[in-house]
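> sharing a model prediction with you, sequence too.
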Amino acid sequence: MGPIPPGFAGDEGLLIGRTDVETLIATAGGTPLFAYDGARIEAQVVRLRAAFPREISLHYAVKANPYEPLLIQIAKLVDGFDIASAGELGRVAGLGLPISFAGPGKRESELEAALRAGVTLNLESEAEADRALAVAGRIGVTAKLAIRVNPPFGLKGAGMRMGGLASPFGIDHDRVPALVRRLLAAGADWRGLHIYAGSQSLAAEALVDAQCATLALAASIATEAGAAPPELNLGGGFGIPYFHGDRSLDVEAVGRGLAQSLEALPPILRDTRLVIELGRWLVGEAGVYLARVVDRKLSRGRTFLVTDGGLHHMLAASGNFGQLLRRNYPIANASRFAEEPCDEVTVAGCLCTPLDLLGDEVMLPRTQVGDLIAIFCAGAYGRTASPANFLGQPEPREIVV
């Protein structure tokens, strides 16, 4: 199993936001339940601010977790939001922070909604630039346009590589200067560059190298285009430990590396606002998914615990969200959190598919019907990254504490 994040153990067993899980479940109205510890998210922001140069702005990637009460809290902690749909725009438009909108395939209605709201569009193609300019002209606004760059390098050791290959995301770096000049000539409000090389990295050195390469690429593009970018989104890619053997990212080392890169910042970027965009690292370890055991059964020598939850709520823990080989998320018996593991079991969900496994051959304390199973690292890409309507099962509850 993966490592349970520190800080959840208390005298009363598993605590989330200093509250015992049965109290949370009673407050929320039952299981399955996603519970998010707001203090943990705030602590992550404080840690990042202390580790990084003061001139770095922090944006939250809404796709990681768009739960509205969580967004209201996060709005008090960060400098902006990064969205990927009109639906996400609707959740953050009234929270008073700058917004940027990335993602391929933006519909004309989405372009119009974003332009009317003063959102910065991160362009994913030259054709999207044409559509955005046409919409802006039709509705009589000046388009705020940035360019998402497909860089010639990737993030080494990333869980998902986003650069150095053919991609539906962004515009190949060698075509970007020409587009910058075209946007400026068209009278657009060019807002800068968005360069994202990969995600879910636990290697500080790899992130430092990627950020250094990103700064150099941005300077090269700006020089060729003859215009300094007002803003440069350095992306994120900060990972959290999900699996056995994973080690937490040394964020302080990443901050020191970026500070050194800024000391040698090319002159053309001296007045550029620098942004780090984070989602998973801010909220991932703050979330716990709780499901109740409804059956314990033996089949051909294996013990199965069947819960009222499953992959329709927590797809990533089932191994069906980006894993090549299935590995277990951190998991525990929340009802017997302080007891020693003695029982090899497979924790299954309630769906009619063998894919619905929340923990495959894991060691837990002796677990009975009625006990609570806790899946950790559930704060990012949990509920909204899962097929909630599969088989018509009830939706999970959510709560921030």
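In hand now; what should we look at?
> so what pLDDT did Met160 get?
Met160 is assigned 57 on the pLDDT scale.
> after the one helix or strand Leu215 maps to comes which helix or strand?
Using DSSP states H and E, Leu215 sits within helix 204-225. Tracing the chain past helix 204-225, the next element assigned as helix or strand by DSSP H and E is strand 231-233.
> mind checking how far that following strand is from the chain centre?
On the basis of Cα atoms, centre = their mean, to the nearest Å, the separation between the geometric centre of strand 231-233 and that of its chain is 19 Å.
> parallel or antiparallel, list what pairs with that strand.
Next to strand 231-233 in the sheet, as set by DSSP bridges, lie strand 189-195 (parallel), strand 273-278 (parallel).
> re the thing from before, how about the helix holding Leu215: buried residues?
Neighbour counts using 16 or more other Cβ atoms under 10 Å place 204, 206-211, 213-215, 217-222, 225 of helix 204-225 among the buried residues. From N, CA and C alone the C-beta is placed, and that goes for glycine too.
> stretch 293-305 too?
So for stretch 293-305, counting by 16+ other Cβ under 10 Å, buried means 293, 296, 303, 305.
> just checking, what packs against the helix holding Leu215?
For helix 204-225, the elements it packs on are strand 144-150, helix 176-185, strand 189-195, strand 231-233, helix 251-263, judged by 3 or more Cβ pairs under 8 Å, 6 or more residues apart in numbering; DSSP states H and E.
> now mean pLDDT, distance to Phe52 and mean neighbour count too, for the ones you listed, in TSV please.
Converted to TSV, those look like this (pLDDT from 0 to 100; distance: least, Cβ to Cβ, whole Å; neighbours: other Cβ atoms under 10 Å):
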stretch	mean pLDDT	distance to Phe52	mean neighbour count
strand 144-150	97	21	26
helix 176-185	98	26	18
strand 189-195	97	17	24
strand 231-233	98	14	25
helix 251-263	97	4	17
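> of the ones you listed, which is nearest Met1?
Comparing those by their distance to Met1 (Cβ to Cβ), the top pick is helix 251-263, with 23.9 Å.
> which other helices and strands does that closest one contact?
Using 3+ Cβ pairs under 8 Å, 6+ apart as the contact test, the elements touching helix 251-263 are helix 38-51, helix 204-225.
> pLDDT below threshold where in the protein?
Within the chain, the ranges that satisfy pLDDT under 70 run 154, 156-165.
> walk me through the domains of it.
Recorded structural domains for the chain (assignment: automatic domain parsing) are 9-36+284-400, 66-278.
> mind checking the end-to-end distance for the first one?
As for domain 9-36+284-400, its first-to-last residue distance stands at 18 Å under the measure Cα to Cα, to the nearest Å.
> starting at the chain centroid, how far to that domain?
Centroid separation for domain 9-36+284-400 versus its chain: 20 Å, with Cα atoms, centre = their mean.
> in what helix or strand does Ser248 lie?
Ser248 is part of no helix or strand, with elements assigned from DSSP H and E.
> my guess is it contacts Val254. True?
No. Shown here, Ser248 and Val254 do not form a contact pair, counting by Cβ atoms under 8 Å, at 11.9 Å.
> so Arg296, which of the three states?
Arg296 carries the three-state label strand when classified by DSSP: H, G, I helix; E, B strand; the rest coil.
> doesn't Thr303 make contact with it?
Yes. In this structure, Arg296 is within contact of Thr303 by Cβ under 8 Å, at 6.9 Å.
> picking that back up, in CSV, list the strands paired with strand 231-233 along with distance to Asp130.
Formatted as CSV, the entries for those read as follows, by distance: least, Cβ to Cβ, whole Å:
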stretch, distance to Asp130
strand 189-195, 15
strand 273-278, 26
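> tell me how far Asp250 lies from Thr23.
35 Å (Cβ to Cβ, to the nearest Å).
> quick one: which of those two has more around it?
Of the pair Asp250 and Thr23, Asp250 is the one with more neighbours under other Cβ atoms under 10 Å, namely 16 against 13.
> how much space separates the residue lying closest to the more buried one once chain neighbours are set aside from Glu88?
In space, and not counting its chain neighbours, Asp250 is closest to Ala204: 4.4 Å by Cβ to Cβ, 6 or more residues apart in numbering. In this structure, Ala204 and Glu88 are 30 Å apart, going by Cβ to Cβ.
> how about the helices in the stretch 1-150 of the chain?
Along the stretch 1-150 of the chain, counting by DSSP state H, counting those that start in this stretch, helices occupy 21-28, 38-51, 68-74, 86-92, 108-116, 126-139.
> so for Gln368, which of the ones you listed sits nearest?
Comparison of the helices of the stretch 1-150 of the chain against Gln368 by Cβ to Cβ identifies helix 21-28 as nearest, at 15.1 Å.
> in that closest one, what counts as buried?
Of the residues in helix 21-28, those buried by neighbour count under the rule 16+ other Cβ under 10 Å are 21, 24-25, 28.
> nearest to Tyr329, of those residues?
The shortest approach to Tyr329 among the buried residues of helix 21-28 belongs to Val21, at 17.0 Å (Cβ to Cβ).
> buried sites along stretch 92-106?
Neighbour-count burial for stretch 92-106, with 16+ other Cβ under 10 Å as criterion, is recorded at 92-93, 97-103, 106.
> run a quick neighbour tally on the residue lying closest to Ala291 once chain neighbours are set aside.
Nearest non-adjacent residue to Ala291, counting by Cβ to Cβ, 6+ apart: Gly309, 3.1 Å away. Number of residues near Gly309 (other Cβ under 10 Å) recorded here: 31.
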